[in-house]
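Asker: Need coordinates for the below:
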Amino acid sequence: MSKANLSLRFLIELGAIVTFGIYGSSLSDSGFRFVPAILFPLLLAVIWGVFAVKDDPSRSGKTVIRTPGIIRLLLELLIFVSATGMLFHLGYPILGWTLGSATVFHYTISFKRISWLIKQK
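Answerer: From the prediction side, this is the model:
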């Protein structure tokens with residue numbers, strides 16, 4: 001995967017983490033709205049880091065819980081699609097279209113990685 005595509009993926013990941021935090025914050029008007037604003041992105045980051053495919057060239061190659069490639073791919077897509085939907089739900093359609101388009105573009109130019117992931121058991 002090229003450095004430019006890895007950079008794009010990193011930006012998409014950051015966008016998803018920030019979106020989960022903003023969405024968590026929007027769920028309550030109470031003084032405790034910071035709790036889901038912190039817990040949602042933290043949980044997302046843990047899931048992202050723990051469930052990985054061994055020797056994934058787009059990551060460090062290390063994993064805590066060895067995950068089949070197709071499951072990892074579906075997990076990534078679920079996270080990015082959820083973040084995109086959250087942006088629309090929050091009333092940020094331009095950001096939603098931007099994140100969604102960037103995600104589609106990233107996976108379109110990541111054909112080799114997707115093929116590799118699908119083959120990993």
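Asker: Could you pull out the helices in this protein for me?
Answerer: 3-26, 34-50, 69-89, 93-108, 111-119 (DSSP state H).
Asker: just how off-centre is the longest one within its chain?
Answerer: Here the centre of helix 3-26 is set off from its chain's centre by 7 Å, with Cα atoms, centre = their mean, to the nearest Å.
Asker: So which elements touch that helix?
Answerer: Judged by 3 or more Cβ pairs under 8 Å, 6 or more residues apart in numbering; DSSP states H and E, the packing partners of helix 3-26 are helix 34-50, helix 69-89, helix 93-108. C-betas here are computed from N, CA, C, even on glycine.
Asker: Residue 114 contacts residue 76, doesn't it?
Answerer: No. Applying Cβ atoms under 8 Å, one finds residue 114 not in contact with residue 76, separated by 10.0 Å.
Asker: Look at the two and report which has more neighbours.
Answerer: Neighbours per residue (other Cβ atoms under 10 Å) separate residue 114 from residue 76, with residue 76 holding more: 20 against 14.
Asker: where are the low-confidence patches of this protein?
Answerer: The chain contains residues with pLDDT under 70 at 61.
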